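Engineer: show me the folded form of this:
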Amino acid sequence: MIMNSAGDSSGMSYGGMPDAQQRPRPRMVEIGASLLAIIGVSGVGRVAYGVLVNLSEDGWSSGARAIFLVLNSITLVFSVFLLVLADQVRRGRMWAWIVSLVMLSFTILFAGLALLITVVNGGFPLLGAGVVAASLGALLVLTVPRTVRGYILRKPVPAGPMRAGAAPGYPWGPGHPPA
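Structural biologist: Reported below is the predicted structural model:
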């Protein structure tokens, strides 16, 4: 709420919409954005762990270490971007929803391939399986429920009432001259 100089609220939120007209956020949007954030945090954690392990080992040449750090920096940028997308999807931004659907598809593909390579080599990474499961869950939660699509695709409520025939940005209309 915005406070005026007298200290009372004016009934408007920072978005310019009266509080009564703000759209309620569906629970499934919260769950999808939370899963998106979990994927971003796990990516940041994986990069931090990989860099610490890389720097502690002495068997790497300087060229191989530089390539490893560059590739991990790209992964770090995408992971931080997923955190930003999670916040924007939570706010109902359509662009963030569309970009997150694309990013989740690529995350499922590349994390699944990395998981397959690790399993073929005899290991089973719990974090890799968690990323694939969380990515698939987030993709399903952000696309299947009608409430999510309705929340993201709905146009915002106008900020205030307009007179009949008035053009946006002009408070007067036919038969109502400006004051």
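
Engineer: measure residue 54 to residue 110 for me?
Structural biologist: 20 Å (C-beta to C-beta, to the nearest Å). Every residue, glycine included, has its C-beta placed from N, CA and C.

Engineer: just give me how far stretch 95-112 sits from the chain centre.
Structural biologist: Chain-centre distance of stretch 95-112: 11 Å, with C-alpha atoms, centre = their mean, to the nearest Å.

Engineer: repeat that for stretch 118-128.
Structural biologist: Stretch 118-128 sits 28 Å away from the centroid of its parent chain (C-alpha atoms, centre = their mean).

Engineer: where does pLDDT dip in the chain?
Structural biologist: By pLDDT under 70, the low-scoring segments of the chain are 1-22, 155-179.

Engineer: my read: residue 127 touches residue 44, true?
Structural biologist: No - look at residue 127 against residue 44 with C-beta atoms under 8 Å: they stay out of range, at 11.9 Å.

Engineer: of those two, which one has the most company?
Structural biologist: Legend: neighbour count by other C-beta atoms under 10 Å for residue 127 and residue 44, higher for residue 44 (17 against 14).

Engineer: how near is that one to residue 58?
Structural biologist: 26 Å.

Engineer: and for residue 27, the neighbour number?
Structural biologist: Neighbours of residue 27 under the rule other C-beta under 10 Å: 12.
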